[in-house]
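A.B. asks: Need the 3D shape of this:
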Amino acid sequence: MMPTFASHLDALGQWRADTDARLASLARFAREHDLLDDASAEWFEAMRHRLSGEKLMVAFVAEFSRGKSELINAIFFSDKGRRMMPASAGRTTMCPVELGYDAEDPVGLSLLPIETRLEPTSLTEYRARRSAWTWIELDLQNPDGMAQALAQVVRTRLVSKDEAARLGFWDDERPDDNPPLQAEDLVEVPVWRHARINLPHPLLKRGLVVLDTPGLNAIGTEPELTLGLLPQAHATVFILGADTGVTRSDLSIWRDHLSGPALARYVALNKIDTLVDPLSTPAEVEAVIARQRESVAQTLEIPAAHVFPISARLALTSRLSGDASGMAASRLEAFEHALSDGLLPRRRDNLAEASVAGALRFQQQLQRRFGEMRRLYADQLLELRGLRGKSSGKVQLMLQRVQAEATEFEQCTARLQAMRSVHARMMKDVLRELSSDRLRAEVEVLQQVLGGSWLPLGARKAFIELCARLRGLIEQAQQRNDEVHAMLVASFAKLNAEFGFSLVADKPVDVRKYTDDLNLIERNYVQYLGLSQAFRLAQPGFQEQFRRMLISRLRVVFETVSNDIELWNKTASAQVDSQLRERRRNFKRRYESLDRIQTASTELDNRLQEVQAQDERVLQLQTRLGVLVDELVQQAQSAGGLSAAAGLPGLNLDLNLSTEPALLADSAPSTNA
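C.D. replies: Next up, the predicted model:
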């Protein structure tokens, strides 16, 4: 049987756990031997958090009754012995549903009332307010009870047209998008705005987040979904009906919400079992499916290879009954395989690249430190061997010389203080333009230009200008950080020449890559500032919610840029502190050893043996470091699916890295994680 998406994701989870274990061993080794500075400790913590906690979101999007929930049941919950997500004819899922797992939260279903749409508070802010959610406990030992509780996501109620308009479900100017009127001119709306299911399913424990969306009416009227969750998804699965093909509402969803860039996009042509005709031969049915597939690909302007004919219902029943022939007829395994191959290796490659590049950079940092220590030990050995057969007076002269060298060396502290003062001032200038206050100020400029009115042309132009200014801030941060690097290069050269340091200013971090994240935000948001969305954008409270969501998305990008720059600068400062501390220790050891030699004739040989032992210990640490990094590199490049063309640095452990890894979750934006 072909491996499923579940088995591939499980393999990725095991790879992440094994790679995290290697990183933990490397960090533990450095900590035990007092080799871990603050900057390196911060990187290890961030990288391990990314390996263990990074989420992988797959969004399922479709109009009503296309089989989204049934497909989710077939892929993720067939092991429960029955349907978990409600799946029946007609309208099913009425609010966006997130399935994930957070060990810090109780197992259960959290529901946000639809009335919260009337408030300007965004969904992101509501996530931190547990009191705003209705919570229902889920009994893992009772599948029937769980299914009954999860049926809450399909609940609806009837409201007047005025209330429906306030909630965003009715627009007199766009009658084609309005739901059908019920008796007494009432409108059916969902009871809940958003649902979150916290479930300790093995796949969800591995970091998978499944987003089940309702149809066009909810997608178009929930800004948090269209502007926040969907653009952050690592993959989107767009489900169509094989019997209907691409309908007008399907095409609206695709063009308005899914045609933009995404890590991976798939189209599932569901319900191929409905095309089976007892009056047609299997070959004729297959020809109909092939024509539908080609028609869908042509309409959506995507390759036919990206359209997968499936039967989610047949797949679920076949998995529940163990029917291999039915499973093959459902064609779901081919779709799962494509989903796995198109998404999971890329996630693994990104994590592997970040892990390997960071570990190699840490190794280079320690190699410089080890080299400095061994150079100092070699000088001590040469000095001590030169004392053989010398008189007490000669030793006294050596003591005086060491004291003089130490005094002369301490003159570097004034130079270091001056350099640190300049460094801090330059860093403050770099980070000032990336602060949350600066972001708010820029977004306020957008609000002022709009003047409280969402005139489409003005809104679009003002937003594009805002994104251009923000890209300019990142470019400015890069230029200023390059100036910091140039200052450190010049300062390190003088310190090395005058005081015998071996300081090296690594290549500065490249933050220009984060302009791609800004470009993605711009593309995802700007489509909602055109004429087709003018009336929806005029809904009460939308402007404030839009502003908060925009600031939240931008803050992720700018905080990632700031963190990368700060971490690079901390590494440079830590190098100075490490060498300064080691030189002072060396002067102290030299003075103490000469003092002991002056009072005891046998002390010289003992001290020679001590220094030789210390040098051998450093050599052993170098060897052990190399072994640990080699093991990490091998593990990161394991699991079979890691592409040799992925551009992983560090196949040669002596390689000078030319790129800096992304250190935080792509949620981070390119994260997205």
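
A.B. asks: list the helices and strands whichever helix or strand residue 289 is part of packs on?
C.D. replies: Element membership for residue 289, per DSSP states H and E: helix 282-300. Here helix 282-300 touches strand 265-270, strand 307-309, going by 3 or more C-beta pairs under 8 Å, 6 or more residues apart in numbering; DSSP states H and E. Every residue, glycine included, has its C-beta placed from N, CA and C.

A.B. asks: CA-only coordinates of the first one in CSV, if you can.
C.D. replies: Included here for strand 265-270 are C-alpha records, laid out as CSV according to Å, rounded to 0.1, in the frame of the first residue of the first chain:
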residue,chain,number,x,y,z
ARG,A,265,-1.8,24.4,-3.8
TYR,A,266,-3.8,21.4,-4.6
VAL,A,267,-7.2,20.9,-6.3
ALA,A,268,-9.2,17.8,-5.2
LEU,A,269,-11.9,16.9,-7.7
ASN,A,270,-14.1,15.0,-5.2
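
A.B. asks: Backbone dihedrals for residue 97, both of them.
C.D. replies: Residue 97 has phi and psi values of phi -120, psi 130 when expressed as degrees, to the nearest 10.

A.B. asks: tell me the contacts of residue 580?
C.D. replies: For residue 580, the contacting residues are 412, 416, by C-beta atoms under 8 Å, 6 or more residues apart in numbering.

A.B. asks: Just confirm residue 481 contacts residue 565, I think it does.
C.D. replies: Yes. Assessed by C-beta atoms under 8 Å, residue 481 is found in contact with residue 565 at 5.4 Å.

A.B. asks: so what's in contact with the two at the same time?
C.D. replies: Shared contacts of residue 481 and residue 565, defined by C-beta under 8 Å, 6+ apart, are found at 430, 509, 511.

A.B. asks: ok, and the closest non-adjacent residue to the first one?
C.D. replies: If you skip the residues right next to it in sequence, residue 430 has residue 480 as its closest partner in space, 4.5 Å away by C-beta to C-beta, 6 or more residues apart in numbering.

A.B. asks: So what's the residue count around the one you found?
C.D. replies: As a burial measure, residue 480 scores 18 neighbours (other C-beta atoms under 10 Å).

A.B. asks: helices or strands up against the helix or strand containing it?
C.D. replies: Per DSSP H and E: residue 480 is located in helix 456-499. If you count contacts as 3+ C-beta pairs under 8 Å, 6+ apart, helix 456-499 packs onto helix 412-432, helix 436-450, helix 515-526, helix 534-537, helix 542-599.

A.B. asks: Indicate which one of the ones you listed is closest to residue 242.
C.D. replies: The closest of those to residue 242 is helix 515-526. By C-beta to C-beta, the value is 29.4 Å.

A.B. asks: by contact count, what packs against the closest one?
C.D. replies: Going by 3+ C-beta pairs under 8 Å, 6+ apart, helix 515-526 lies up against helix 230-232, helix 456-499, helix 542-599.

A.B. asks: Recalculate using a threshold of 7 Å.
C.D. replies: With contacts taken as 3 or more C-beta pairs under 7 Å, 6 or more residues apart in numbering; DSSP states H and E, helix 515-526 sits against helix 456-499, helix 542-599.

A.B. asks: Show me what counts as buried in it.
C.D. replies: Buried residues in helix 515-526, counted by 16 or more other C-beta atoms under 10 Å: 515, 517-518, 520-522, 524-526.

A.B. asks: before we move on, what about stretch 268-282?
C.D. replies: Within stretch 268-282, the residues scored as buried using 16+ other C-beta under 10 Å are 268-273, 275.

A.B. asks: What of stretch 588-604?
C.D. replies: Neighbour-count burial for stretch 588-604, counted by 16+ other C-beta under 10 Å, picks out 589-591, 593-594, 597-598, 603-604.

A.B. asks: closest to residue 630 among these?
C.D. replies: residue 589 (32.1 Å).

A.B. asks: How about the closest one: what's its closest non-neighbour residue?
C.D. replies: Nearest to residue 589 is residue 380, by C-beta to C-beta, 6+ apart, at 7.3 Å.
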